[in-house]
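Asker: Got a predicted structure plus its sequence, pasted below:
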Amino acid sequence: MVDRMAEDWRNADLDPADVALCEYTEKLTKYPARVGSADIERLRAAGFDDQGISSATQVISYFNYINRIAEGLGVPLEDWLGPDGRPLQA
């Protein structure tokens, strides 16, 4: 399942809550200024409570932050990671 998600989460046969979370993650990552109350309501409708939404938002934002720091400073990938960020097979 992880491989399917890494390649294309839209075709990974996820349950509706996971799809909603992936949609939110993508929007928050690519278009943060466009995230609004309707996005939060979609997550609630998918079964997430306010604590879950807050936790997800913090994790998503942290990874976006730390990736931008690494990219901005030109930090190279670890030598055990491939260009897609997944571990290389030995």
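Answerer: Noted; the coordinates are in hand.
Asker: which phi and psi does D15 have?
Answerer: Main-chain dihedrals, D15, degrees, to the nearest 10: phi -80, psi 160.
Asker: Pull out the buried residues from the helix or strand hosting I60.
Answerer: Element membership of I60 [criterion: DSSP states H and E] is helix 50-73. Buried residues in helix 50-73, counting neighbours by 16 or more other Cβ atoms under 10 Å, are found at 53, 56-57, 60. (Each C-beta comes from the backbone N, C-alpha and C, glycine too.)
Asker: likewise stretch 29-45?
Answerer: For stretch 29-45, the neighbour count (16+ other Cβ under 10 Å) marks 39, 43 as buried.
Asker: Could you grab the helix/strand/coil label for V75?
Answerer: In three-state terms, and counting by DSSP: H, G, I helix; E, B strand; the rest coil, V75 is coil.
Asker: Now do the same for it: its pLDDT.
Answerer: We note a pLDDT of 92 for V75 in this prediction.
Asker: ok, for it, nearest residue in space, not its chain neighbours?
Answerer: Spatial nearest neighbour of V75, chain neighbours left out: I69 (7.9 Å); criterion: Cβ to Cβ, 6 or more residues apart in numbering.
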